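1. no sequence on this one, just coordinates:
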């Protein structure tokens, strides 16, 4: 197994956190991992993305040019990375902020109203976690429980008060992707 994923959004949307959480879950599961963050000119409001490579063998290079999957938290990320996803790959995106219809027929999409899910649970800043849950449910890369354990083990003391809501948001995002896969929701979310 060798997976290359990009998480991308505006600074402050939590793209880096979602990628780091996935990296911790993979590491805790005994897999090989790289996580490389990249910040735009401003920390909040600028662009931010990270690349995560997960493998059951040593990773030759952490650089990702044509990812197998992209998790896009906003419209600029969707527009930038949709053309770069490998054929057969996944583009999981925040349908709350991306009004476009997918244009490729050689990749799979999961349109998740991540802001709506997070707002329903009381914290719109957890939209990133809803998308991570949807990504895991769509790709079956690893069990959702692995990310829940990573939250238990790696969430900072300052953020521990959000532990239960992060787990619930993760589950809701996964449930949405499962409904998409079952054909109970439309591609646009």
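-> Structure's in. What do you need? On a predicted model such as this, the values are computed, not experimentally measured, just so you know.

2. Quick check, central residue of the protein?
-> Nearest to the mean C-alpha position of the chain, by Cα atoms, centre = their mean, lies residue 132 at 3.7 Å.

3. Can you tell me the closest non-neighbouring residue to that residue?
-> Excluding its sequence neighbours, the residue lying closest to residue 132 (Cβ to Cβ, 6 or more residues apart in numbering) is residue 18, at 4.6 Å. The way it works is simple: take the backbone N, C-alpha and C, and place the C-beta from them, glycine included.

4. so which helix or strand takes in the one you found?
-> helix 15-28 (DSSP states H and E).

5. now residue 180
-> helix 163-181.

6. can you check residue 110 too?
-> Secondary-structure assignment from DSSP H and E places residue 110 in strand 108-112.

7. May I see the buried residues of the next helix or strand after that strand?
-> The first helix or strand that comes after strand 108-112 along the chain, using DSSP H and E, is helix 114-120. Applying a neighbour-count criterion of 16 or more other Cβ atoms under 10 Å, the buried positions in helix 114-120 are 114-118.

8. Can you tell me which of the residues you listed is nearest residue 176?
-> Using Cβ to Cβ, residue 117 is the member of those that sits closest to residue 176, with 6.7 Å.

9. Isn't the closest one up against residue 130?
-> Yes. Between residue 117 and residue 130 there is a contact under Cβ atoms under 8 Å: 4.4 Å.

10. what do these two both touch?
-> Contact criterion Cβ atoms under 8 Å, 6 or more residues apart in numbering; residues shared by residue 117 and residue 130: 169, 172-173, 176.

11. As TSV, the residues you listed with pLDDT and distance to residue 26 would be great.
-> Listed next are the shared contacts of residue 117 and residue 130 as TSV, based on pLDDT from 0 to 100; distance: Cβ to Cβ, whole Å:
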residue	pLDDT	distance to residue 26
169	94	20
172	95	22
173	95	18
176	93	22
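
12. which of the residues you listed has the most neighbours?
-> In terms of neighbours by other Cβ atoms under 10 Å, the shared contacts of residue 117 and residue 130 top out with residue 173 at 31 neighbours.

13. Identify the residues contacting that residue.
-> Neighbour list for residue 173: 112, 114, 117, 129-134, 137 [criterion: Cβ under 8 Å, 6+ apart].

14. Filter those down to the ones in helices?
-> Among those, the ones falling in helices (DSSP state H) are 114, 117, 129-134, 137.

15. Tell me the one of these nearest residue 47?
-> When the ones in helices among the contacts of residue 173 are compared for distance to residue 47 (Cβ to Cβ), residue 131 wins out at 16.4 Å.
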